[in-house]
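Novice: Predicted model, plus sequence, below.
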Amino acid sequence: MLTMIATAQIPVLGALLIAGALAKVRTAMNDSEPGALSRLGPAVLMAGRWQVPAMLGCAAVELALLVGLTATGHPFFRWGTAAFFAVSTYVLWELRRRRPDVGCGCFGEVSAIPVGLRSLGRTMVLTAMALGTVWAPPVPGWSIVAGITWSQALAAAGALLVLIALSPEIEEAAARLRHRAPCEQRPLDPATALSRLRSSSAWRSHERLLSSTEPVDSWRELCWRFFVYPGRSHAGDPADVVFAIYLSGRHPAVRVAMVGYDGRPIEIGSLPESIGVSASR
């Protein structure tokens, strides 16, 4: 039974690899949105001139693994796929820790949503799926698709449903179909963003630091809406508490940072929930 389930995951992994590769190539070669790569990982961790090569290089690795899984049953490609998704999990964790404002870029520009637990969970599930295929019969992926059984089809469908549930890109793609524009170009009432902020866990955990529940400043940058509140640090010093709300998705990311009156950031929480904010507004 377990062997059958593991074998059925090979076409699923192939589908995710080709979707990710094609989306990355399209994003890297598309000039319609200048600066798009500066909002996507792992390209965002590199200098500007290396961002396109990094995106294309990642796509090339995915295509190579896809060809290997489809054309052969060699364990090298199965171990390689597991290693690829394991490294991807680590990279996403680093992105969430170091640059919580950028997306994973897993499926190109549609993956501009800040890295969250769902994206991390998806790569962990993919890593487990890929590891399972190592112990499956050494048959090429094309033969699995050609002779797929009902039980294998159900196992593959179940895996796809899990991956869809862990994919915030589905919501972003649906929003683009409705609005016909990327997130940073869509109008959104500041009151809606404020409502999202006040229903978030970031607001509840930092509300006690605020001197007033009315913002003293607000502005928008691309797909983020910022609100500034007067507050005090844990040491009792006056400071600005800055919240950033992502403007897309049913459960948008909310980040928070504290800036002293001298313009220096004040540590108030774990890095995944904080943002870097300039003192000038």
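Specialist: Alright, I've got the coordinates. Residues are numbered from 1 along each chain as shown.

Novice: Which helix or strand lies directly C-terminal to the helix or strand bottoming out on mean pLDDT in the chain?
Specialist: For the chain, the helix or strand with the lowest mean confidence is helix 169-179, at a mean of 72 (criterion: mean pLDDT, DSSP states H and E). Counting by DSSP states H and E, the next helix or strand C-terminal to helix 169-179 is helix 190-198.

Novice: Packing partners of that following helix?
Specialist: Using 3 or more Cβ pairs under 8 Å, 6 or more residues apart in numbering; DSSP states H and E, the elements in contact with helix 190-198 are strand 224-232, strand 238-246. Using the backbone N, CA and C atoms, a C-beta is placed for each residue, glycine as well.

Novice: quick one: contacts for the closest residue to residue 261 other than its chain neighbours?
Specialist: Nearest non-adjacent residue to residue 261, counting by Cβ to Cβ, 6 or more residues apart in numbering: residue 238, 5.7 Å away. With Cβ atoms under 8 Å, 6 or more residues apart in numbering as the criterion, the residues that contact residue 238 are 230-232, 260-261.

Novice: What's the per-residue pLDDT of residue 238 here?
Specialist: Reading off the per-residue confidence, residue 238 sits at a pLDDT of 87.

Novice: so how far is residue 208 from it?
Specialist: Distance, residue 238 to residue 208, by Cβ to Cβ, to the nearest Å: 15 Å.

Novice: got it, and residue 259?
Specialist: Taking Cβ to Cβ as the measure, residue 259 falls 18 Å from residue 208.

Novice: between these two, which one's more packed in?
Specialist: residue 259 (21 against 8; other Cβ atoms under 10 Å).

Novice: could you give the angle of the helix or strand harbouring the more buried one to helix 190-198?
Specialist: Under DSSP H and E, the secondary-structure element containing residue 259 is strand 254-260. Taking axes from the mean of the first three to the mean of the last three Cα atoms, to 10 degrees, one finds strand 254-260 and helix 190-198 inclined to each other by 90 degrees.

Novice: Could you give the separation of strand 254-260 from the chain centroid?
Specialist: Taking Cα atoms, centre = their mean, to the nearest Å, the mean C-alpha location of strand 254-260 is offset from the chain mean by 21 Å.

Novice: Restrict stretch 79-90 to CA atoms and write it as PDB.
Specialist: Provided in PDB are the C-alpha atoms of stretch 79-90 (Å, rounded to 0.1, in the frame of the first residue of the first chain):
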ATOM      1  CA  TRP A  79      17.200  11.700  -4.200                       C
ATOM      2  CA  GLY A  80      18.000  14.900  -6.200                       C
ATOM      3  CA  THR A  81      14.300  15.900  -6.100                       C
ATOM      4  CA  ALA A  82      14.200  15.200  -2.300                       C
ATOM      5  CA  ALA A  83      17.300  17.300  -1.800                       C
ATOM      6  CA  PHE A  84      15.900  20.100  -4.000                       C
ATOM      7  CA  PHE A  85      12.800  20.400  -1.900                       C
ATOM      8  CA  ALA A  86      14.700  20.100   1.300                       C
ATOM      9  CA  VAL A  87      17.000  23.000   0.300                       C
ATOM     10  CA  SER A  88      13.900  24.900  -0.800                       C
ATOM     11  CA  THR A  89      12.500  24.500   2.700                       C
ATOM     12  CA  TYR A  90      15.600  25.900   4.200                       C
END
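
Novice: All the helices of this protein, residue numbers only.
Specialist: 2-29, 48-71, 75-98, 117-133, 141-146, 150-165, 169-179, 190-198, 201-206 (DSSP state H).

Novice: Just send those helices back as TSV, with mean neighbour count and distance to residue 104 too.
Specialist: Formatted as TSV, the helices of the chain follow (neighbours: other Cβ atoms under 10 Å; distance: least, Cβ to Cβ, whole Å):
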stretch	mean neighbour count	distance to residue 104
helix 2-29	20	10
helix 48-71	18	11
helix 75-98	18	5
helix 117-133	20	5
helix 141-146	16	25
helix 150-165	14	14
helix 169-179	15	9
helix 190-198	16	21
helix 201-206	15	20
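
Novice: Lowest mean pLDDT across those, which one is that?
Specialist: Comparing mean pLDDT over the helices of the chain, the weakest stretch is helix 169-179, at a mean of 72.
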